[in-house]
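Colleague: Build me a structure from this.
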Amino acid sequence: MFAAIGIFVLLGYLIGSVNFAVLVAKKHGVDILKEGSGNPGATNVKRVLGKGPGNLVFALDALKGFVGAGLPHLLLRVDASASASGSDIHFVVCVAGFVGTLLGHCFSCFLKFKGGKGVASTIGGLLVLLPIPILIGATLWGLVFLVSRYVSLASIVLGVSLPLSCFFLKYGQSQFWFAAAIAAFNVWTHRSNIGRLLAGTENCFVKKA
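Modeller: Below is the predicted model:
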């Protein structure tokens with residue numbers, strides 16, 4: 001089991017380290033690391049280059065998370081949803097692939113260990129691991145964004161909703177604590193955004209007339 005965990009963490013990290021924000025922006029002649037907020041993620045690409053490139057990066061980042069979490073299911077034919085206890089090997093191995101992908105996205109070895117916030121990759125991975133909680137979280141994300149126009153606030157709400165959904169839907173201990181760890185990591189990666197939200201200086205998407 002430990003060998004499988006190590007292998008899928010490494011594979012996930014390499015997959016996650018491929019930064020589509022940088023690649024898509026480069027195709028448009030833009031260095032996304034020097035534009036907008038400087039963050040190599042879908043939100044900054046959308047802000048700098050528009051809705052089309054931004055949505056493309058979001059979709060590709062979500063696909064990274066889906067592939068990272070789904071590889072153990074595909075290669076080892078494990079059931080990612082069969083995790084009645086915290087010791088469930090199948091769930092743990094799938095989580096290992098997902099965690100590796102998320103770490104690669106946020107700390108890419110190709111970008112001197114810099115990266116995006118990991119929201120899209122988290123959504124993609126959790127569609128494999130926690131499909132119902134992430135669908136609830138995605139709905140909340142859309143509602144919060146429509147009301148506030150803050151992507152960061154919507155993303156934080158999505159993250160925090162995961163362990164709450166697992167708790168109220170009576171998921172097992174393994175899923176609950178995994179979701180809680182994802183929520184904590186999500187808040188940590190958005191710590192600078194939280195500071196700007198509190199200071200009233202966070203960037204928001206303004207509706208165009």
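Colleague: List the buried residues for the helix or strand hosting residue 195?
Modeller: Element membership for residue 195, per DSSP states H and E: helix 191-199. By neighbour count on 16 or more other Cβ atoms under 10 Å, the buried set for helix 191-199 is 193, 197. C-beta coordinates here come from the backbone N, C-alpha and C atoms, glycine included.
Colleague: So what's the gap between it and the chain middle?
Modeller: From the chain centre to the centre of helix 191-199 is a distance of 19 Å (Cα atoms, centre = their mean, to the nearest Å).
Colleague: Same check on stretch 191-203?
Modeller: Relative to its chain's centre, stretch 191-203 lies at 20 Å (Cα atoms, centre = their mean).
Colleague: pLDDT on the strand or helix carrying residue 187, on average?
Modeller: In this assignment (DSSP H and E), residue 187 forms part of helix 173-189. The average pLDDT within helix 173-189 is 90.
Colleague: That helix - contacts with which helices or strands?
Modeller: Here helix 173-189 is seen to pack against helix 89-106, helix 119-129, helix 151-168 when contacts are counted using 3 or more Cβ pairs under 8 Å, 6 or more residues apart in numbering; DSSP states H and E.
Colleague: before we move on, the earlier item: can you give the contact residues for the helix holding residue 195?
Modeller: Outside helix 191-199, the residues that touch it by Cβ atoms under 8 Å, 6 or more residues apart in numbering are 150, 152-153, 156, 187, 202-203.
Colleague: which one of the residues you listed sits closest to residue 49?
Modeller: The shortest gap between residue 49 and any of these belongs to residue 203, at 15.0 Å (Cβ to Cβ).
Colleague: Next, the closest one: phi, psi?
Modeller: Its backbone dihedrals place residue 203 at phi -70, psi 140, with angles given as degrees, to the nearest 10.
Colleague: Where does the prediction get shaky in the chain?
Modeller: For the chain, residues meeting the criterion pLDDT under 70 lie at 1, 77-88, 207-209.
Colleague: I'd guess residue 171 is in a strand, am I close?
Modeller: No. Note on residue 171: no strand contains this position according to DSSP: H, G, I helix; E, B strand; the rest coil, which reports coil.
Colleague: so who does it touch?
Modeller: Residue 171 is in contact with 130, 133, 165, 179, counting by Cβ under 8 Å, 6+ apart.
Colleague: name the helices or strands packed onto whatever helix or strand the second one lives in?
Modeller: In other words, residue 133. Remark: residue 133 resides in helix 131-148, with elements defined by DSSP H and E. If contacts are counted by 3+ Cβ pairs under 8 Å, 6+ apart, helix 131-148 sits against helix 119-129, helix 151-168.
Colleague: Which positions within it qualify as buried?
Modeller: The neighbour-count criterion (16+ other Cβ under 10 Å) identifies 133-134, 136-138, 140-141, 144-145, 148 as the buried residues of helix 131-148.
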